[in-house]
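In: Give me coordinates for this.
(chains A and B)
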Amino acid sequence: MSKISRRRFVEGTGAGLVATTVPLQGQTAKAAAAVPHTTVKLTVNGTVHRLDVEDRWTLAEVLRDHLGLTGSKIGCDRGECGACTVLLDGKNVYSCSQLAVWADGRTVQTVEGLAQNGKLDPLQEAFIEHDGPQCGFCTSGQLMSAKALLNHNPHPTTDEVRAGMTGNICRCGNYNHYVESVLAAAATLAADSRRKA
Amino acid sequence: MKSFANVNARDAKDAVAKLGQPNAVAVGGGSDLLGMVKEHLVEPDVLVHLKSIRKLDQVSAKAGEVQIGGLITLDTLSREPAIRSRYTVLAEAAESVGTPQIRNAGTLAGNVCQRPWCWYYRNGFPCFKAGGKQCFSITGENQFHAIFGGGPSFIVHPSDTAPALVALDAKFRVTNSDGERTIPAAEFFALPRVDAARENVLAQDEILTAVDLPAARPHTRSTYHKVLDREAWTHAVVSAAIVLEMDQQVCKSARIVLGGVAPIPWRLPKVEAMLAGKPITPELAAQAAEAALEGANPLAKNAYKVPLTKAVVRRTLLSLATKA
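Out: Below is the predicted model:
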């Protein structure tokens, strides 16, 4: 039996629902033509995409619904919870609070871009080792804020880690484990660079 | 989200021309505006995107004066060495805003011009800020509302950088269809009794493009102290932006501006006059704190802000004056 994921199953159900509303499609298409849209170039996890996006689409929506990168989550959709955090030109931002048109010509890194050549990022390894995630919903956002932090501050103190991750809320309250994970990843990276030196 | 067209502005003049289109609004980092569009508090047809304007995100020095482009992000501003060393109050205020994600997107001009965060306004109540005819906080939940300058609306100004800019005697450069006008920071903000629907004097087709800081005087020190109801990620319950020009132990001149207590950054000229020419002792700091709260008019649930603000003024003043 072929393996079917929960996401595929839910998407399949959605397609079934769309099929039952065929009579509306003509109207929807006409309305869609009137909606302002723009062609943008986004470099996402190293791949260049040329996309026709509606001006009102957020970066989070484009990443998830049009590029299939569902690692970034939409929690509050108001720039409050941090589940949608991605790196835009290397800085962590709320992708629900950026329009995709504003990211034209820019570079985006999502959680899917952390692992390189099948090898997890030291942050991901540390998150597993130190039980960073509990339910996991906020984890991709936590990882991206941690990545941004270590990019510009490779040797953070505990307080700096806490400050760097204040924009990511964890409803399971697993903050201490996240902080431990980031400190552990920083230590691993420091040891690696000493070995290489 | 409601449909709209995004248009990129080439320069400030172009932005103003584009704002002349029907139902157009200006947007910088978008942190505030997109949330308001999603909540249907603003329903624009055109977004005039300002971040496409080049070179309006930089700090430049000329003859001692410093000009800051309005589109500089709060993160960049807070790390700028010239700002950190000579205009510390502004760097500290920028650093205290929201979260890293907000500071990476949010701009200085956007922080100064953000709309109030009163929970009635943000949750769709037809209050003054939404074009209505009443303020629901007067008889409602007013824990975080104004103790100074309220009426008919009792919002508090939400910006951290605004009190810092008033304390630094900044000048705001505003671009409009006639060109440019310059407004002292203190005159940029408007009390609700002047216009209850707005927080500043900007017209619909005007944008705040840059901020000029006067040359920092020698022996000047400054700081921003922000009290929050949790450790991070919120607006000031009370804050104080203080700039002191010192001659040894003696305060030559002082600027004290409060945040979180009034619908505009709340300057304390009487307290400033009290301090001029005197050494700042614990006794003087306590007297200054008492004087700072003269005329405070708390609502039913925010009287706690009176002793809190006194403590903030006294402690911040004393620690800044006695800093090595």
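
In: and the residue minimising distance to the centre of chain A, helix, strand or coil?
Out: Nearest residue to the geometric centre of chain A (C-alpha atoms, centre = their mean): residue A:72, 2.9 Å. Following DSSP: H, G, I helix; E, B strand; the rest coil, the label given to residue A:72 is coil.

In: Contact partners for it?
Out: Neighbour list for residue A:72: A:60, A:63-64, A:83-86, A:95, A:110-111, A:140-141, A:144 [criterion: C-beta atoms under 8 Å, 6 or more residues apart in numbering or on different chains]. Using the backbone N, CA and C atoms, a C-beta is placed for each residue, glycine as well.

In: If you drop the residues flanking it in sequence, what lies closest to whichever residue of the stretch 201-324 of chain B sits closest to chain A?
Out: Nearest residue of the stretch 201-324 of chain B to chain A: residue B:232, at 4.0 Å (C-beta to the nearest C-beta). With sequence-adjacent residues excluded and distances taken as C-beta to C-beta, 6 or more residues apart in numbering or on different chains, residue B:232 is closest to residue A:166, at 4.0 Å.

In: got the domain boundaries for chain A?
Out: Chain A breaks down by automatic domain parsing into domains covering A:37-113, A:122-192.

In: which stretch among those comes nearest residue B:62?
Out: Residue B:62 sits nearest to domain A:37-113 of all the domains of chain A, at 28.4 Å, using C-beta to C-beta.

In: In terms of secondary structure, what does the longest helix seen in chain B contact?
Out: In terms of residue count, the longest helix belonging to chain B (DSSP state H) is helix B:305-321. Contact here means 3 or more C-beta pairs under 8 Å, 6 or more residues apart in numbering or on different chains; DSSP states H and E; on that basis helix B:305-321 packs against strand B:220-227, strand B:238-247, strand B:250-259, helix B:282-292.

In: Tabulate the CA atom coordinates of whichever strand or helix holds residue B:13 in CSV.
Out: Using DSSP states H and E, residue B:13 sits within helix B:12-19. The C-alpha coordinates for helix B:12-19 follow below in CSV (Å, rounded to 0.1, in the frame of the first residue of the first chain):
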residue,chain,number,x,y,z
ALA,B,12,9.7,60.6,-1.4
LYS,B,13,8.2,62.9,-4.0
ASP,B,14,6.9,60.0,-6.0
ALA,B,15,5.5,58.4,-2.9
VAL,B,16,3.5,61.6,-2.1
ALA,B,17,2.2,61.7,-5.7
LYS,B,18,1.1,58.1,-5.5
LEU,B,19,-0.6,58.7,-2.1
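
In: Direction included, what does the next helix or strand after it pair up with?
Out: The element immediately downstream of helix B:12-19 (helix or strand, assigned by DSSP H and E) is strand B:24-27. According to DSSP bridges, strand B:24-27 forms sheet pairs with strand B:46-49 (parallel).

In: in the helix or strand just after the strand it pairs with, what's buried?
Out: Helices and strands here follow DSSP H and E; after strand B:46-49, the next one along the chain is strand B:59-62. Residues residue B:59 are the ones in strand B:59-62 that count as buried (16 or more other C-beta atoms under 10 Å in any protein chain shown).

In: Any idea how many residues pack against the residue in the stretch 1-150 of chain B positioned nearest to chain A?
Out: Of all residues in the stretch 1-150 of chain B, residue B:99 sits closest to chain A, at 2.8 Å by C-beta to the nearest C-beta. By the criterion of other C-beta atoms under 10 Å in any protein chain shown, residue B:99 has 26 neighbours.

In: Just to check, it is in contact with residue A:167?
Out: Yes. With contact defined as C-beta atoms under 8 Å, residue B:99 and residue A:167 form a contacting pair (2.8 Å).

In: shared neighbours of those two, anything?
Out: Counting by C-beta under 8 Å, 6+ apart, the shared contacts of residue B:99 and residue A:167 are A:82, B:233.

In: wait, what's in contact with the residue of the stretch 201-324 of chain B closest to chain A?
Out: The contact partners of residue B:232, by C-beta under 8 Å, 6+ apart, come to A:163, A:166, B:99.

In: Now, the residues you listed that are in helices?
Out: Of these, the ones assigned to helices by DSSP H are residue A:163.

In: And stretch B:8-23, what's buried?
Out: Neighbour counts using 16+ other C-beta under 10 Å place B:8, B:9, B:11, B:12, B:13, B:14, B:15, B:16, B:18, B:19 of stretch B:8-23 among the buried residues.

In: Give me the buried positions along stretch B:52-61.
Out: B:52, B:53, B:56, B:57, B:59.

In: count of neighbours near residue B:67?
Out: Neighbours around residue B:67, by other C-beta under 10 Å: 15.

In: Give the full set of residues in contact with the closest residue to residue B:320 other than its chain neighbours.
Out: Of all residues not flanking residue B:320 in the chain, residue B:223 sits nearest, at 5.0 Å (C-beta to C-beta, 6+ apart). Residues near residue B:223 by C-beta under 8 Å, 6+ apart: B:88, B:89, B:92, B:241, B:242, B:316, B:319, B:320.

In: are any of the residues you listed buried, and which?
Out: B:88, B:89, B:92, B:241, B:242, B:316, B:320.

In: Out of those, which two sit at the greatest distance?
Out: B:88 and B:316 (12.5 Å).

In: coming back round to it: which of the buried residues of stretch B:52-61 sit farthest apart?
Out: Pairwise distances across the buried residues of stretch B:52-61 (C-beta to C-beta) peak at 19.7 Å, for the pair B:52 and B:59.

In: is it true that residue A:42 touches residue A:98?
Out: No. Residue A:42 sits out of contact with residue A:98 when judged by C-beta under 8 Å, with a separation of 11.1 Å.

In: Please identify which of those two sits among more neighbours.
Out: Taking other C-beta under 10 Å, residue A:42 and residue A:98 do not tie; residue A:98 has more neighbours (26 against 21).

In: Contacts only, for the closest residue to the more buried one other than its chain neighbours.
Out: Sequence neighbours aside, residue A:59 is the residue nearest to residue A:98 in space, at 4.4 Å (criterion: C-beta to C-beta, 6+ apart). The contact partners of residue A:59, taken as C-beta under 8 Å, 6+ apart, are A:86, A:88, A:95, A:96, A:98, A:99, A:100, A:102, A:103, A:108.

In: so which helix or strand takes in residue B:93?
Out: Going by DSSP H and E, residue B:93 is part of helix B:88-95.

In: Can you name the residues in contact with the next helix or strand after that helix?
Out: On the C-terminal side of helix B:88-95, the closest following helix or strand by DSSP H and E is helix B:100-105. The contact list for helix B:100-105, computed with C-beta under 8 Å, 6+ apart, reads A:79, A:82, A:85, A:88, A:91-94, A:97-98, A:145, A:148-149, A:163-167, B:29-31, B:73-75, B:78, B:94-95, B:97.

In: And the average pLDDT for the longest helix along chain A is what?
Out: If you go by DSSP H, chain A has its longest helix at helix A:175-196. Across helix A:175-196, pLDDT averages out at 95.
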